[in-house]
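Student: Need a 3D model of the sequence below.
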Amino acid sequence: MDVEIHRDLGRHEAEIESLQRELNAVHTELREVKECLHSIRETLSEARGGWKTLMWLSGVSATVGALIFKLLSMAMTMLPK
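Tutor: The predicted structure follows:
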């Protein structure tokens, strides 16, 4: 009877150690996933700012282009034919 109890205790101890190793591995992988997620968030944040700047520059360029075109067309009508 004592032999069976000791054998069961040894088996349970080995199973607990195995589960502890697996839990540590999962914890390490979770930390890596969190780091990747943080990196993705930073990249998306930078991209959002870049898109806003690009759209602002596009709007300014379109406005300046339209103004130049308007001034040139007005100047062309003022010139003698």
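Student: what about the residue nearest to the spatial centre of the chain, distance to residue 46?
Tutor: In the chain, the C-alpha nearest the mean C-alpha coordinate belongs to residue 40, at 1.9 Å (Cα atoms, centre = their mean). Counting by Cβ to Cβ, to the nearest Å, the gap between residue 40 and residue 46 amounts to 11 Å. Any C-beta I mention is one placed from the backbone N, CA and C, and that applies to glycine too.
Student: list the residues that contact both of those two?
Tutor: Taking Cβ atoms under 8 Å, 6 or more residues apart in numbering as the contact definition, residue 40 and residue 46 share no neighbouring residue.
Student: re the thing from before, ok, the residue nearest to the centre of the chain to residue 34 distance?
Tutor: As for residue 40, its distance to residue 34 is 11 Å (criterion: Cβ to Cβ).
Student: can you check residue 47 too?
Tutor: Shown here: residue 47 relative to residue 34, a distance of 20 Å by Cβ to Cβ.
Student: Which parts of the chain are helices?
Tutor: Taking DSSP state H as the criterion, the chain contains helices spanning 2-78.
Student: what number of residues lie near residue 33?
Tutor: Look at residue 33: counted by other Cβ atoms under 10 Å, it has 10 neighbours.
Student: residues in contact with it?
Tutor: Residues touching residue 33, when contacts are defined by Cβ under 8 Å, 6+ apart, are absent altogether.
Student: Could you give the number of residues near residue 9?
Tutor: For residue 9, the neighbour count with other Cβ under 10 Å is 10.
Student: whoops, residue 43 was the one
Tutor: Using other Cβ under 10 Å as the criterion, residue 43 is surrounded by 10 other residues.
Student: And it, how far from residue 36?
Tutor: 11 Å.
Student: Tell me how far the residue nearest to the centre of the chain lies from residue 2.
Tutor: Using Cβ to Cβ, we find residue 40 at a distance of 57 Å from residue 2.
Student: What of residue 48?
Tutor: Residue 48 is 68 Å from residue 2, where distance means Cβ to Cβ.
Student: And residue 46, by the same measure?
Tutor: Computed with Cβ to Cβ, the distance linking residue 46 and residue 2 is 66 Å.
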